[in-house]
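In: this one's structure only:
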């Protein structure tokens, strides 16, 4: 019984040690080119979570700012992944998931807030397409 009680009181190590967006951004500048796609995806995912929370709280300016970071860091992840030929598949999968979440979010927003989210979805789809093209280039006949 005491063990169960202590497990509830002790915070999860993953939550306590989770890096913040600012920490990840600082780490990005000194990371190797092979590690940069993964860091950019992490930043984009954290910002997607922030954007979702802000939209739910009707904090639309804050949500749009986080949404801008989602797209910017997904595009950076694409650039770094294609350049280094590392994490292309993982980046594509993560971007696909982010685009799906944003597509679901669009339908819950007021009409005036739907356009920026829809634009972000289109840009994320473009990122996915470019990652797929880099992974599976068309061969000349």
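Out: Yep, that arrived. Worth saying up front: this structure is predicted, and the values here are computed from it rather than measured.
In: Give the burial count for residue 115, as a bare number.
Out: Counted by other Cβ atoms under 10 Å, the residues lying close to residue 115 total 11. Glycine gets a C-beta too; all of them are placed from N, C-alpha and C.
In: Give me the buried stretch members for the one helix or strand it maps to, please.
Out: Assigned by DSSP states H and E, residue 115 belongs to helix 111-135. Residues of helix 111-135 classed as buried: 113, 116-117, 120-121, 123-124, 126-128, 130-131, 134 (neighbour count, 16 or more other Cβ atoms under 10 Å).
In: which helices and strands sit right next to it?
Out: Packing contacts for helix 111-135, counted by 3 or more Cβ pairs under 8 Å, 6 or more residues apart in numbering; DSSP states H and E, involve helix 60-84, helix 88-106.
In: Dump these to TSV, plus distance to residue 21, mean neighbour count and mean pLDDT.
Out: Output for these, formatted as TSV (distance: least, Cβ to Cβ, whole Å; neighbours: other Cβ atoms under 10 Å; pLDDT from 0 to 100):
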stretch	distance to residue 21	mean neighbour count	mean pLDDT
helix 60-84	8	20	97
helix 88-106	15	18	97
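In: Residue 101 is in contact with residue 52, correct?
Out: Yes: at 7.3 Å, residue 52 and residue 101 qualify as touching, with contact defined as Cβ atoms under 8 Å.
In: got any residues that touch both of those two?
Out: Common contacts of residue 52 and residue 101, defined by Cβ atoms under 8 Å, 6 or more residues apart in numbering, are absent altogether.
In: Next, the residue lying closest to residue 86 once chain neighbours are set aside: phi, psi?
Out: Nearest non-adjacent residue to residue 86, counting by Cβ to Cβ, 6 or more residues apart in numbering: residue 34, 4.3 Å away. Residue 34 adopts backbone torsions of phi -70, psi -30, taken as degrees, to the nearest 10.
In: pretty sure residue 34 is touching residue 84, no?
Out: Yes: Residue 34 is within contact range of residue 84, at 5.1 Å (criterion: Cβ under 8 Å).
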